[in-house]
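Colleague: Quick one, what's the 3D model for this:
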Amino acid sequence: MSPTERLYLAAGDPRGAMALRIVVEGRGLPDRALLEAALARAAGSCPGSRLVRDGATWVAAGPPPRVRLAPAVTAGPARRGERPGCELVVVRGADPDRTSLVFSASHAVMDGHGALTWVREVFRALRGEDPRPAHGRHTDQDVLRAHAARAR
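Modeller: Here you go, the predicted structure:
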């Protein structure tokens with residue numbers, strides 16, 4: 001586990017201030033089973049969405065991100081004590097036809113680019129398009145080492 005990952009984990013609530021959120025607003029709501037299937041397929045091409053800790057190592061051995069329904073017009077409170085990971089929160093608006101899909105990813109398991117890649121994969125799955133796997137294994141430490149090597 002890198003020092004940066006330890007910092008994010010030490011910051012506290014993985015669903016609170018240290019979580020990345022991408023909100024997609026629209027009309028209607030995809031069927032829950034379709035959302036769950038899309039999350040499962042996207043988890044296959046974005047293994048970072050299934051990261052769990054195995055001691056001091058991250059492994060892509062967790063379940064696919066879950067779908068959680070939030071009360072209307074609110075994303076709900078942060079839930080301290082949950083493990084870092086990813087989830088999709090469905091928030092119905094005051095107008096019953098308006099829905100927001102809130103993709104949440106702990107910053108300990110994904111950066112902003114990774115989160116956006118994951119969201120794109122979920123929508124590719126919903127549209128029935130072929131996945132574009134994101135199986136990179138580089139960490140922030142790899143990037144820093146490469147940068148240091150170039151600077152020498």
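
Colleague: Could you list the buried residues of the helix or strand where Leu116 lies?
Modeller: Per DSSP states H and E, Leu116 falls inside helix 112-126. Within helix 112-126, the residues that count as buried by 16 or more other CB atoms under 10 Å are 114-115, 117-122, 124-126. Using the backbone N, CA and C atoms, a C-beta is placed for each residue, glycine as well.

Colleague: Spit out the contact partners of Ala37.
Modeller: Residues counted as contacts of Ala37 (CB atoms under 8 Å, 6 or more residues apart in numbering) are Ala125.

Colleague: Report the buried residues of the strand or helix carrying it.
Modeller: Ala37 belongs to helix 32-45 when elements are defined using DSSP H and E. Of all the residues in helix 32-45, those buried under the rule 16+ other CB under 10 Å are 35-36, 38-45.

Colleague: before we move on, what about stretch 93-113?
Modeller: Along stretch 93-113, these residues count as buried under the neighbour rule (16+ other CB under 10 Å): 98-110.

Colleague: Of those residues, which is the nearest to Leu51?
Modeller: Nearest to Leu51, judged by CB to CB, of those is Val109 at 4.3 Å.

Colleague: Tell me who's in contact with the closest one.
Modeller: Applying CB under 8 Å, 6+ apart, the residues near Val109 are 48-49, 51, 58, 84-86.

Colleague: In these, which has the lowest confidence score?
Modeller: On pLDDT alone, Pro84 ranks lowest of the contacts of Val109, at 73.

Colleague: Show me where this protein has its helices.
Modeller: 3-10, 32-45, 112-126, 140-151 (DSSP state H).

Colleague: what packs against the last one?
Modeller: Judged by 3 or more CB pairs under 8 Å, 6 or more residues apart in numbering; DSSP states H and E, the packing partners of helix 140-151 are helix 3-10.

Colleague: Could you give the average pLDDT over the helix it packs on?
Modeller: 68.

Colleague: Thank you kindly, that will do.
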